[in-house]
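Peer 1: model this:
(one chain, ligands or ions: 1)
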Amino acid sequence: MFEGLRIVRFPNAGTACPIIGIGAWAPDRGEERTTRARQWLTSALKVGYRHIDTAYAYGTEKAVGEAIIESGVDREDVFVVSKLPRHHHGRVLESAQETLDNLGFKWLDMYLMHWPFATPETDPDGTPKPVPTIGETWAQMEQCLRQSKCEAIGVSNFSIKTLEELLKTARVKPALNQVEMHPYLAQNDLLAFCKEHDIAVVAYTPSGTDIVRNDPVIVELATKYNATPTQVILAWHLTRNVVVIPKSTNEERQKENYIDNLPTLEDEDVKKIDALDRGQRICNKPDENGLVWGMSATDLGW
Ligand SMILES: NC(=O)c1ccc[n+]([C@@H]2O[C@H](COP(=O)([O-])OP(=O)(O)OC[C@H]3O[C@@H](n4cnc5c(N)ncnc54)[C@H](OP(=O)(O)O)[C@@H]3O)[C@@H](O)[C@H]2O)c1
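Peer 2: Okay, the predicted model is just below:
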């Protein structure tokens with residue numbers, strides 16, 4: 001499987017994924033999550049991507065399943081990740097099945113707890129439901145694994161603090177942790193902690209968007225390597241053996257971001273990029289009250 005592709009192994013799961021995947025987030029407007037998503041995901045599969053990152057919350061699961069069929073690539077040859085939304089922590093098995101039904105799959109290659117906290121829910125009569133702890137939700141994720149709904153389980157948006165909480169009761173360690181990571185948010189301590197626990201790291205918002213792309217150091221290195229700023233940034237992640245899931249709806253940019261076209265950076269240039277770290281979140285950042293989707297950044301360990 002994934003013959004000829006550079007892969008990252010998951011010691012805690014015994015499986016592996018291609019080091020570069022395509023992100024499948026899409027805005028909730030018009031046909032962005034349906035027809036449009038199907039088109040650009042099909043294009044990514046034709047370019048060569050064999051790893052797709054979606055989530056229940058993205059609304060693109062159906063488009064992912066359809067794109068794989070449309071591309072003619074075998075389901076077995078694509079590593080597909082989806083995620084448990086934070087308002088489904090009280091019904092993990094049902095939510096996982098809903099995700100499989102959306103995709104039209106019998107199994108997922110990787111199922112992630114999207115966030116380390118649950119959104120409080122109420123019964124139909126308005127009575128608040130008990131809010132599951134991280135450990136309780138993870139136990140249900142382990143149940144998904146036992147029921148063969150997925151081949152591996154992992155987490156997303158976890159810090160050292162929330163990973164330590166999860167590891168207190170986990171019977172299966174997470175295979176990976178998907179977090180925001182780019183040159184302005186290198187997360188070196190988290191990367192080292194994950195390595196110590198055999199947890200692979202996946203970078204979301206890996207390009208750092210135009211904010212990082214326009215950094216003078218990145219622009220200068222792009223000129224040196226006759227590459228684009230995004231290619232330099234993605235190449236930097238690969239030197240750290242971090243999995244990247246850049247999203248592009250454009251076939252030319254999908255090719256540009258693909259592993260075959262990335263430069264190999266010299267050590268001194270990797271160090272120049274390392275030095276850009278400033279702990280700056282770009283995608284999911286705390287609001288003026290220090291909250292991220294209603295959860296305190298302190299409790300998140302961010
Ligand atoms: N776990 C989580 O909580 C979480 C949160 C955020 C994201 N994610 C995942 O990570 C994936 C990627 O993250 P992201 O979309 O935030 O960030 P990203 O992939 O770093 O950036 C995407 C943006 O960059 C543009 N772009 C892509 N390649 C480019 C290139 N070569 N040159 C110039 N512009 C380029 C895209 O526009 P075009 O489409 O026009 O090319 C798009 O606007 C998502 O799709 C999702 O699967 C997960």
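Peer 1: Tell me which residues are up against the host helix or strand of residue 179.
Peer 2: Using DSSP states H and E, residue 179 sits within strand 176-180. Here strand 176-180 makes contact (Cβ atoms under 8 Å, 6 or more residues apart in numbering) with 10, 53, 81, 110, 112, 152, 154-158, 163, 187, 190, 194, 199-205, 243, 245, 281-284. For glycine as for every other residue, the C-beta is placed from the backbone atoms N, C-alpha and C.
Peer 1: how deep is residue 213 tucked in, by neighbour count?
Peer 2: By the criterion of other Cβ atoms under 10 Å, residue 213 has 18 neighbours.
Peer 1: Tell me which residues touch it, please.
Peer 2: By Cβ under 8 Å, 6+ apart, the contact set of residue 213 is 207, 229, 230, 233.
Peer 1: Next step: the contacts of strand 176-180 restricted to helices.
Peer 2: 163, 190, 194 (DSSP state H).
Peer 1: ranking those by neighbours, who comes first?
Peer 2: Using other Cβ under 10 Å as the neighbour criterion, residue 163 leads those with 23 neighbours.
Peer 1: wait, that one sits on residue 193?
Peer 2: Yes: Residue 163 lies in contact with residue 193 (Cβ atoms under 8 Å); the separation is 6.7 Å.
Peer 1: Can you tell me which residues in the stretch 201-302 of the chain are near the ligand?
Peer 2: Applying Cβ under 6 Å from any ligand atom, we find that the stretch 201-302 of the chain lies next to the ligand at 204-207, 209, 228, 230, 245-250, 253, 256-257, 283.
Peer 1: Repeat the analysis, applying 8 Å as the threshold.
Peer 2: By Cβ under 8 Å from any ligand atom, the residues of the stretch 201-302 of the chain that approach the ligand are 204-210, 213, 228-231, 245-250, 253-254, 256-257, 283-284.
Peer 1: before we move on, what about the stretch 1-150 of the chain?
Peer 2: Residues of the stretch 1-150 of the chain lying near the ligand (Cβ under 8 Å from any ligand atom): 22-26, 40, 53-55, 58, 83, 112, 114-115.
Peer 1: Just the ones in helices from the residues of the stretch 201-302 of the chain next to the ligand, please.
Peer 2: 209, 210, 213, 229, 230, 231, 253, 254, 256, 257.
Peer 1: Check the residues you listed against residue 66 and report the nearest one.
Peer 2: residue 254 (17.7 Å; Cβ to Cβ).
Peer 1: Quick check, the residue in the chain closest to the ligand?
Peer 2: Per Cβ to the nearest ligand atom, residue 23 is where the chain lies closest to the ligand, at 2.2 Å.
Peer 1: quick one: is the strand holding residue 179 near the ligand?
Peer 2: Yes: using Cβ under 8 Å from any ligand atom, strand 176-180 reaches the ligand at 178, 179, 180.
Peer 1: centroid residue for this structure?
Peer 2: Against the mean C-alpha coordinate of the chain, by Cα atoms, centre = their mean, the closest residue is residue 178 at 4.5 Å.
Peer 1: Outside of the worst-scoring helix or strand of the chain on mean pLDDT itself, which residues are in contact with it?
Peer 2: Counting by mean pLDDT, DSSP states H and E, the chain has its least confident helix or strand at strand 295-296, which shows a mean of 93. Contacting residues not belonging to strand 295-296 are listed as 115, 117, 290 [Cβ under 8 Å, 6+ apart].
Peer 1: give me the number of residues near residue 250?
Peer 2: As a burial measure, residue 250 scores 11 neighbours (other Cβ under 10 Å).
Peer 1: okay but it is in contact with residue 40, surely?
Peer 2: Yes: contact criterion Cβ under 8 Å: residue 250 and residue 40 qualify, at 7.5 Å.
Peer 1: Who wins on neighbours among the contacts of strand 295-296?
Peer 2: residue 115 (26 neighbours).
Peer 1: Look up phi and psi at the closest residue to that residue other than its chain neighbours.
Peer 2: In space, and not counting its chain neighbours, residue 115 is closest to residue 86: 4.3 Å by Cβ to Cβ, 6 or more residues apart in numbering. For residue 86, the backbone dihedrals (degrees, to the nearest 10) come out as phi -70, psi -10.
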